[in-house]
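A.B. asks: I'll drop the sequence and a predicted model, then ask my questions.
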Amino acid sequence: MKIKIIQGNNNDLKASDINVVIDVIRAFTVAHYAFIHGTKEIFLVNSVEEGFNYKQKNPQFLLAGEVNGLPIEGFDLDNSPLSVIKSDLQGKTLIQKTTNGVKGTLNSLNADAIFVTGFTNARTTARYIHQISHMQKKNIQINIIASHPTGDDDLACAEYIKSIIENKNSVSAEDVKKRIENSHVAAKFYDDTRPEFNREDISLCTRVVDSNFVMKVNTSSLIPKIERINI
């Protein structure tokens, strides 16, 4: 097994067996909580315009996301886990557009299997990948993509996932939590002059939420979508 950690959301990746894309603050934390609260599927779009166009064709879908961390005018949901857990998402389909996580995923589709995660579902995701990778006889290639180009939050989570897949468990969840909280990406959530960022989001992003599913990207549809795969 070969595991490589790659940072950034615009990478030119060679074909691999498994890609894991991480966005802790906040895209795939939002996705995880959305599935927990009943979301059916999440389509991933490259741009705000693409999101609106897809919503026009599917008015029952909900638009969710951000540009530079801020809510998008006309979207149904922002990129806040706190907003998600307060919303009625049972049976709903989301269309998600974000600066790092979604973009990083759409640039990481050159793999047999693509998973996305934040920290909340990182342990479950890593254990699942460890299990399926050891069932294969060949020497598989796994890329772990920390989608924020400079954020220690995603990088810490990537190192945590790698350690679990390798069965080394050399990175503790508590250390990752501290690195997320102390990352420059999290700083604005603790800044009282930035009320548009709620510090409760960081609390939700740094919890280990045991769940019986992973989030896998289905590339067979015209627009890639995240699906909940029960394990």
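C.D. replies: Thanks, I have the structure now.

A.B. asks: who does the host helix or strand of Leu94 pair up with?
C.D. replies: Assigned by DSSP states H and E, Leu94 belongs to strand 93-97. Take DSSP bridges as the rule and strand 93-97 pairs in its sheet with strand 41-44 (parallel), strand 62-65 (parallel).

A.B. asks: Let me know the helix or strand that the residue most central in space within the chain is in.
C.D. replies: The residue lying closest to the centre of the chain (CA atoms, centre = their mean) is Phe28, at 2.6 Å. Element membership for Phe28, per DSSP H and E: helix 27-36.

A.B. asks: What helices and strands are in contact with that helix?
C.D. replies: For helix 27-36, the packing partners by 3 or more CB pairs under 8 Å, 6 or more residues apart in numbering; DSSP states H and E come out as strand 41-44, strand 62-65, helix 81-85, strand 93-97, helix 101-106, strand 111-117, helix 199-205, strand 213-218. In short, each C-beta sits where N, CA and C put it, glycine included.

A.B. asks: if you compare the ones you listed, which one is most tucked away?
C.D. replies: Mean neighbour count, computed with mean count of other CB atoms under 10 Å, is highest for helix 101-106 among those, reaching a mean of 27.

A.B. asks: which strands and helices sit next to it?
C.D. replies: Here helix 101-106 touches strand 16-22, helix 27-36, strand 41-44, strand 111-117, going by 3+ CB pairs under 8 Å, 6+ apart.

A.B. asks: Make TSV out of the ones you listed and add mean pLDDT and distance to Ile202.
C.D. replies: Listed next are the helices and strands packed on helix 101-106 as TSV, based on pLDDT from 0 to 100; distance: least, CB to CB, whole Å:
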stretch	mean pLDDT	distance to Ile202
strand 16-22	97	16
helix 27-36	98	10
strand 41-44	98	22
strand 111-117	97	17
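
A.B. asks: Could you dump the ones you listed into CSV and include distance to Asn218?
C.D. replies: CSV is the format used below for the helices and strands packed on helix 101-106 (distance: least, CB to CB, whole Å):
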stretch, distance to Asn218
strand 16-22, 14
helix 27-36, 13
strand 41-44, 8
strand 111-117, 9
